[in-house]
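Visitor: pasting the structure only:
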């Protein structure tokens, strides 16, 4: 059973609007959540909507208004998001940074007290569609789930880092956590009674484990794991300094609200060595990757983001199938808020 | 046998000056190479000097002059390094970016055709000493040694990424390659007849191996290895886009000269949410890491860069011991160039 991309977006937007989000917040948030599903990041798509609707109802997500501007220099800004919808805040930040990068070469925006921002990869195409390179990174300072390398207790969060890189064709889209896996994937495997494919976590005693059920009292391991986890820990430091440090709000403030410190940066290659000079390099490297024989004998390596871009195109053209149970989970909200369910096609 | 930090610097500078480097290039290059040894990165310290002296003699390292300015906007620059000494170029770029970041919040500089830049961590303190956050990344487009995740042939280089983060005490200094290990370490283990501690490489058939002797016909694996190497490959893409892409020179130009495309960026927290607001967060997270019980039972986790900063201080106060054979390797150059060997203390 598939649903049209636009119908799903309208349904999610209707729910968010009925719940109280003002202005373009429902439409932007809905479209990017559906995009996450279309791109295959289905732990960070419409699956987030029930929690968002709960947080709007409780006031933990601020439904109305604009972020406060803490600093506003041409290439360096800080916003206080006041727990406004994170997806909407980050989309707006990427678009502003993209606009300013085209004048200054670069623009960096740090956002404190954003609500949850869902799937980082979805924000990148607003920049790459214009030939711009974008970086989005975030961390939730209200929790700690990832141990620093060599340690046994969590200090960091999965602290994802996303990078959008224009080429001569589809952009390369990177979206990686700086821990081996995420809490979303951990929860899913735990519910399904499955194991991690490797020693991706620590148990309560600090011993490496492949059991997702042990993460709650233990910790996730940084990228590189017990073998070379100093690399993942270094990346977590980078992401938290760019988001919580430059934003001036984070762990030191002991926040309890589900939320994010966010870092957004856009580069305009045209103001560095030139747009064509940029894509000449990235297109060459993309082709070199595609031409590399794959270990599993498949014909060609897939570039990072290729599957996501294909999924997005397919969903817009043909609709998308959601994970079983997803719309059922939304039905009580639709009934309460009076939003009609999406048609199937 | 230890040598005073300043005597070693003078010795290396005398060699580089006698070989033909002009202006402050000998002193800056020498000081940062000795700093690399002091910080424990001894594959990227004075061990590089024979190769540098050979390249000066052959003309592969340009000894005299200034980089060409390709783009010069307040917060976004591109230099053509013309294969001038990379250590000197990057030090200069970090200092210019630091100066401009204090006016604009951020400054990014991409350098094409730099000669080799040695140890990235050594450049960071010029920024962190001023309370600034710095990023340095580079890639050598003349070679390919690292396979993309899932592939069997090399496309990328170890593409290191370094980040300097001010705290209330010593800065956090990250210096990581985006491959599990480096060519320098591979060469050393191979010479010593040792193995990698894990499956860090691929052999010529594309099979994972712990044998450094097989890298020459195979490839290094990205961070995350066979388990989650898409993360390392994503990071390599980021580093190569920032360096070769923004610099507009790289693999697509098929360079044969040993060299680097470099990306330097400095942020001034004072122009974001404030210098104190920044270090309040980073100091909190540093303390949280130090307070984390370690897996090996040691009393406290060491922060990234703590050992390097301690080594640098110790070397400046008490001198440093070099790896056996290092000065012997320089002796023929000293004899030829007429530089007196350093005194021991």
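Guide: Right, received. Where do you want to start? Since we're looking at a predicted model, the values are computed, not measured. Numbers count the residues shown, from 1 in each chain, chains lettered A, B, ... in the order given.
Visitor: so residue A:16 sits against residue A:25, correct?
Guide: Yes: Residue A:16 is within contact range of residue A:25, at 6.9 Å (criterion: C-beta atoms under 8 Å). For the C-beta atoms, the positions are set from N, CA and C on the backbone; glycine is no exception.
Visitor: who has more neighbours out of the two?
Guide: A count of neighbours by other C-beta atoms under 10 Å in any protein chain shown puts residue A:16 above the other of residue A:16 and residue A:25, at 29 against 25.
Visitor: overlap in contacts of residue A:16 and residue A:25?
Guide: residue A:85 (C-beta atoms under 8 Å, 6 or more residues apart in numbering or on different chains).
Visitor: any chance you could map the strands in the stretch 151-300 of chain A?
Guide: Taking DSSP state E, counting those that start in this stretch as the criterion, the stretch 151-300 of chain A carries its strands at A:161-165, A:172-176, A:201-202, A:208-209, A:219-220, A:260-267.
Visitor: deepest-packed of these, please.
Guide: strand A:260-267 (a mean of 30; mean count of other C-beta atoms under 10 Å in any protein chain shown).
Visitor: is chain B contacted by that strand?
Guide: Yes: using C-beta under 8 Å from any C-beta of the partner chain, strand A:260-267 reaches chain B at residue A:267.
Visitor: can you list the strands that that strand pairs with?
Guide: strand A:106-114 (antiparallel), strand A:133-139 (antiparallel) (DSSP bridges).
Visitor: which residues touch the nearest residue to residue A:187 once chain neighbours are set aside?
Guide: Distances taken as C-beta to C-beta, 6 or more residues apart in numbering or on different chains place residue A:212 nearest to residue A:187, at 7.6 Å, with adjacent residues excluded. Counting by C-beta under 8 Å, 6+ apart, residue A:212 touches A:186-187, A:189-190, A:194-196, A:201.
Visitor: can you turn the buried part of those residues into a PyMOL selection?
Guide: Remark: buried members of those, expressed as a PyMOL selection using 16 or more other C-beta atoms under 10 Å in any protein chain shown:
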select buried, chain A and resi 186+189+190+196+201
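Visitor: tell me which element residue A:313 falls in.
Guide: Assigned by DSSP states H and E, residue A:313 falls within helix A:306-318.
Visitor: in that helix, which residues are buried?
Guide: In helix A:306-318, counting by 16+ other C-beta under 10 Å, buried: A:306, A:308-309, A:311-312, A:315.
Visitor: same list, those residues, but as TSV with pLDDT and distance to chain B please.
Guide: Formatted as TSV, the buried residues of helix A:306-318 follow (pLDDT from 0 to 100; distance: C-beta to the nearest C-beta, whole Å):
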residue	pLDDT	distance to chain B
A:306	97	12
A:308	97	12
A:309	98	15
A:311	97	16
A:312	97	18
A:315	98	22
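Visitor: how close does the residue nearest to residue A:187 sit to residue A:177?
Guide: 15 Å (C-beta to C-beta, to the nearest Å).
Visitor: hang on, the earlier thing: so how far is residue A:204 from the residue nearest to residue A:187?
Guide: Per C-beta to C-beta, residue A:212 is found 14 Å from residue A:204.
Visitor: just to revisit the earlier point, local confidence estimate at the residue nearest to residue A:187?
Guide: With respect to pLDDT, residue A:212 scores 97.
Visitor: kindly report the same for the one 4 residues further on.
Guide: The confidence metric pLDDT takes the value 95 at residue A:216.
Visitor: and for residue A:345?
Guide: For residue A:345, the pLDDT comes out at 53.
Visitor: now do residue A:87
Guide: On pLDDT, residue A:87 comes in at 98.
Visitor: quick one: the host helix or strand of it to strand B:106-114, angle?
Guide: Using DSSP H and E, residue A:87 maps to helix A:86-104. Here helix A:86-104 runs at an angle of 60 degrees relative to strand B:106-114 (axes from the mean of the first three to the mean of the last three C-alpha atoms, to 10 degrees).
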